[in-house]
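**Q** Pasted the sequence and its predicted model underneath.
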Protein chains: 2
Amino acid sequence: MGALDEGHYYLELENGVKRGGNVKLSFEDEPEILDIEDAVRVLLQGLGEDIEREGLRKTPLRVAKALREGTRGYKQTVKDIVCGALFPEAGLESGVGHAGGAGGLVIVRDLDLFSYCESCLFPFQIKCHVGYVPYGHRVVGLSKLSRVADIFAKRLQDPQRLANELCTALQHGIKATGIAVVLQCSHIHLPNFETAILDPNHEGWVKILVTSGTGVFEDEKSDTWTDFLSLLRFRDVNVENIYSRGSSEKSWCRSHEFCKTEPANSVMLNAVASILCSLGEDPLRKELVETPACFVNWLMKFRNTNLDMKLNGFVRNRRDSLTSNGGVDHTEDCICSELNLTLWSQCEHHLLPFHGAVHIGYYCSNGASPVGRSLLQSIVHFYGFKLQVQERLTRQIAETVSSILGEDVMVVVEANHMCMIARGIEKFGSNTATFGVLGRFSTDSAARAKFLQIIPSSCPARD
Amino acid sequence: MGALDEGHYYLELENGVKRGGNVKLSFEDEPEILDIEDAVRVLLQGLGEDIEREGLRKTPLRVAKALREGTRGYKQTVKDIVCGALFPEAGLESGVGHAGGAGGLVIVRDLDLFSYCESCLFPFQIKCHVGYVPYGHRVVGLSKLSRVADIFAKRLQDPQRLANELCTALQHGIKATGIAVVLQCSHIHLPNFETAILDPNHEGWVKILVTSGTGVFEDEKSDTWTDFLSLLRFRDVNVENIYSRGSSEKSWCRSHEFCKTEPANSVMLNAVASILCSLGEDPLRKELVETPACFVNWLMKFRNTNLDMKLNGFVRNRRDSLTSNGGVDHTEDCICSELNLTLWSQCEHHLLPFHGAVHIGYYCSNGASPVGRSLLQSIVHFYGFKLQVQERLTRQIAETVSSILGEDVMVVVEANHMCMIARGIEKFGSNTATFGVLGRFSTDSAARAKFLQIIPSSCPARD
């Protein structure tokens, strides 16, 4: 099954204990936190940012806390969790078969988790499904499966390794007849500004499904494995899409493709390497050697640029020409819209991405739009590809669009923020919407309602 | 809006500080925990349980930890959370309208929370949607809306009061132009064994939607409120179903309907009253006066009974008669099934409900089922209405059904466990499946696959 052997597993536990001891509530005094803060300041400066700007002042601390919290699994051990949570449970009294504490398959499905990709330090999302066949008339408390999964997720990971480690740890902890793990993993695949403009169909997510099994689940062709998968079918797990074990490595994290194109700033690289050390990792571990380059490359997609003036110049000209064509007759205007423009951005408070959809409404005479969708999409990307907050982004898009399309503009931004998931808060599925309303849209509620009605209830860019 | 006034709000904060101080990691030494443990032992004995049984030995501690954890909001204050999370953010540079830090509507949707019903001590689930209009060029960190919501959810609550308290607290914390709160709440409505048998269509959930608003959202007819609701439409919030503010009280918790039918054991009532005290509540507060009776009544639905023998007698006769008709020709048998039998049960580790669907497959000649659905449903309820673990329940149903329908039986139980939500683990949406396979189903994987294929991917009892 390619998972850890027993020796490695116990070393893992020992390291856990050595590294951690008791978890402390207040992170802020730890030397590791201070070191990460220093490194993040270096990165922010590399992005051309003013680290004393109020929105960024506490970003180093926030990033440090999130990273330490998100890798707290290094300090936790499986034994502490599983001990005392094994309950005696009878098997069948008589007859041929399996049920209860002797052989009856148990599956816990749809555990939401997140982990950090060891190749690029990006968080990725996981739907985790765990099954086991009890042995020796003992069953485990259901929540322990989730808690143990969380220990291994809260480390720098690769999906297949995570599946294997979880599987092996549970096997040793529960002493089951077999353990099965299926992970559905989603990794954001951020374009940069240029790619986003040139390839409007850029696929923003890499999704893979990995599996691991011990005992009766070791063989992917076994009947027990088939039973397990049959029960996942109900939870939208597409059984046809399951990767053969161990085949994920080549396709998962796409950061490497990009980090070779531009040589990274060595001061920033060293800062990321020092972060890896502060997380208790060895930056020279084979899988981590390219991580600083990938992380810096990803950050640099959102560096501060001085392009504002250029775009403003362009924009002002467009507006002038519109106005000079002038004398727009409001009575004949109708609401035009450009919906589901793709949004990629980066939260300046946590250095984590947010992504979603932008909807723009405006008035134009006889429904004839004076600009194409691609210009509006470029404006969205222009403001997206920097360190942002969604409220500011919304205002900037509204102001810029207004300078092209006239004073009556409405902008709705809907986005999923990774900082609502990949930190202690863990609100999977939450979504933020912001409004910018200019001109008639700010005073005429019927106009707003009309535009909001046009926005479809489901849209691909929003998910 | 019926929310707290400012005086009450600050008293709330003060109480918070007085009650709590710093949150400690280890609950186990707190006198409140020991007191709750004692009370839970009394309750378990009242249920006719052996408190030394291994599955129950740590239940008092588990319940105590869950209740303290689930009401930790009494110790937390809004000020600590919001302070330092207000960021300067410009509004529009020019023109008429609102965006960014001055007037641009911000909405965070789909925050999963749970709270404890003050009427019956049952946890209820919440989808929380919060909106605000920034004032004074300041926006709040998005996660703070979630964290503040959590403070008020983690108390004994009523949905409307929770909405009002959250609204008022955010108004004072953020000093916004207005705060809007919409809560979609789901409260389990457990039948007892008799009701479940007599009314197979018993509606197991009460769902309500409550709202609260301050400032520009105070008036439910205001344009800003309409804008807010328009954006919730995308998240499956049915705008037509919104209760008028304050109208929820009469219909929400249905425990009162039942707790009058049977006078409760006064020792158990006192135990629940002492739990309320240990949570820092006053059992004489108007809304809590009936809570002990409701809680005891709910627990007593799952009391240990001695009905086993009776059912076994009935069952054995049925089986004998089937066998004596005997000589079943396996070659002509086909797989029959009874799907989506409703399951209500109570987890013995946490004294929290789990509910879902039971699917039963068996062989019978020429597809003619020897028993009706209602007998199988009664068996499910019989084993459901006691303190259980899902693995044991599955085995017991399989064994009993096998004694009626012959040795070739397969049982699949799918259930949502409230103990996976209403504790620190908070895995909303997770679901547990267990197998019992007897006779041919345990040896013939094709038979298992055939039965599993029959189970529909979506079923009402499972949600």
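**A** Structure's in. What do you need?

**Q** what about A:Val140, neighbour count?
**A** For A:Val140, the count of nearby residues is 24 (other CB atoms under 10 Å in any protein chain shown). Quick note: C-beta positions are derived from backbone N, CA and C, even for glycine.

**Q** and it, what is it in contact with?
**A** The contact partners of A:Val140, by CB atoms under 8 Å, 6 or more residues apart in numbering or on different chains, come to A:Val82, A:Ala85, A:Leu86, A:Phe87, A:Tyr132, A:Pro134, A:Gly173, A:Ile174.

**Q** ok, and of those residues, which contact chain B?
**A** A:Phe87, A:Pro134 (CB under 8 Å from any CB of the partner chain).

**Q** Which of the contacts of A:Val140 are buried, as a PyMOL select command?
**A** Buried residues among the contacts of A:Val140 (16 or more other CB atoms under 10 Å in any protein chain shown), as a PyMOL selection:
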select buried, chain A and resi 82+85+86+87+132+134+173+174
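
**Q** and which of the contacts of A:Val140 is nearest to chain B?
**A** A:Phe87 (5.2 Å; CB to the nearest CB).

**Q** Walking through the stretch 301-450 of chain A, point out its helices one by one.
**A** Taking DSSP state H, counting those that start in this stretch as the test, the helices found in the stretch 301-450 of chain A are A:308-325, A:373-384, A:390-405, A:440-443, A:445-454.

**Q** Which of those helices sits closest to B:Val139?
**A** The closest of these to B:Val139 is helix A:390-405. By CB to CB, the value is 4.8 Å.

**Q** what helices or strands is the helix or strand harbouring A:Ala196 leaning on?
**A** Take DSSP states H and E as the rule and A:Ala196 turns out to sit in helix A:193-198. Judged by 3 or more CB pairs under 8 Å, 6 or more residues apart in numbering or on different chains; DSSP states H and E, the packing partners of helix A:193-198 are helix A:373-384.

**Q** can you pull the buried residues of the helix it packs on?
**A** Across helix A:373-384, burial judged by 16+ other CB under 10 Å covers A:Leu375, A:Leu376, A:Gln377, A:Ser378, A:Ile379, A:Val380, A:His381, A:Phe382, A:Tyr383, A:Gly384.

**Q** Quick check: A:Asn304 touching A:Glu49?
**A** Yes. Between A:Asn304 and A:Glu49 there is a contact under CB atoms under 8 Å: 5.5 Å.

**Q** Could you tell me which residues touch both of those two?
**A** Residues touching both A:Asn304 and A:Glu49 (CB under 8 Å, 6+ apart): A:Leu387.

**Q** Pick out whichever of those two has more residues nearby.
**A** The residue with more neighbours, out of A:Asn304 and A:Glu49, is A:Glu49; 20 against 12, by other CB under 10 Å.

**Q** in the stretch 101-250 of chain A, which spans are strands?
**A** Shown for the stretch 101-250 of chain A, the strands assigned by DSSP state E, counting those that start in this stretch span residues A:106-117, A:123-133, A:138-140, A:156-157, A:178-188, A:205-213.

**Q** Go through the helices of the stretch 301-450 of chain A and pick out the most buried.
**A** helix A:390-405 (a mean of 25; mean count of other CB atoms under 10 Å in any protein chain shown).

**Q** and that helix, what other elements does it pack with?
**A** helix A:308-325, strand A:333-347, strand A:352-365, helix A:373-384, strand A:409-417, strand A:431-438.

**Q** Format those as CSV; extra columns: mean pLDDT and distance to B:Asn270.
**A** Listed next are the helices and strands packed on helix A:390-405 as CSV, based on pLDDT from 0 to 100; distance: least, CB to CB, whole Å:
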stretch, mean pLDDT, distance to B:Asn270
helix A:308-325, 44, 70
strand A:333-347, 93, 51
strand A:352-365, 93, 50
helix A:373-384, 94, 61
strand A:409-417, 97, 48
strand A:431-438, 96, 46
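
**Q** ok, now which ones touch A:Thr226?
**A** B:Ser445, B:Ala449.

**Q** again with the one 4 residues further on
**A** Residues near A:Ser230 by CB under 8 Å, 6+ apart: A:Val239, B:Arg448, B:Ala449, B:Leu452, B:Gln453.

**Q** Give me the nearest residue to the last one, chain neighbours excluded.
**A** On the basis of CB to CB, 6 or more residues apart in numbering or on different chains, the spatially nearest residue to B:Gln453 that is not a chain neighbour turns out to be A:Ser230, at 7.5 Å.

**Q** and the gap between the residue nearest to A:Glu348 when sequence neighbours are not counted and B:Tyr135?
**A** The shortest distance from A:Glu348 to any non-neighbouring residue, by CB to CB, 6+ apart, is to A:Leu387 (3.7 Å). According to CB to CB, to the nearest Å, A:Leu387 stands 24 Å off from B:Tyr135.

**Q** same deal with A:Lys175?
**A** In terms of CB to CB, A:Lys175 sits 59 Å off from B:Tyr135.

**Q** more neighbours, those two?
**A** The neighbour count for A:Lys175 versus B:Tyr135, taken as other CB under 10 Å, is higher for B:Tyr135 (18 against 15).

**Q** List the contacts of A:Ser84.
**A** No Ser there; residue A:84 is Gly. Neighbouring residues of A:Gly84 by CB under 8 Å, 6+ apart: B:Lys58.

**Q** returning to what we had before: would you format the strands of the stretch 101-250 of chain A as a markdown table with mean pLDDT included?
**A** Shown next, in a markdown table, are the strands of the stretch 101-250 of chain A (pLDDT from 0 to 100):
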| stretch | mean pLDDT |
| --- | --- |
| strand A:106-117 | 96 |
| strand A:123-133 | 96 |
| strand A:138-140 | 95 |
| strand A:156-157 | 96 |
| strand A:178-188 | 95 |
| strand A:205-213 | 92 |
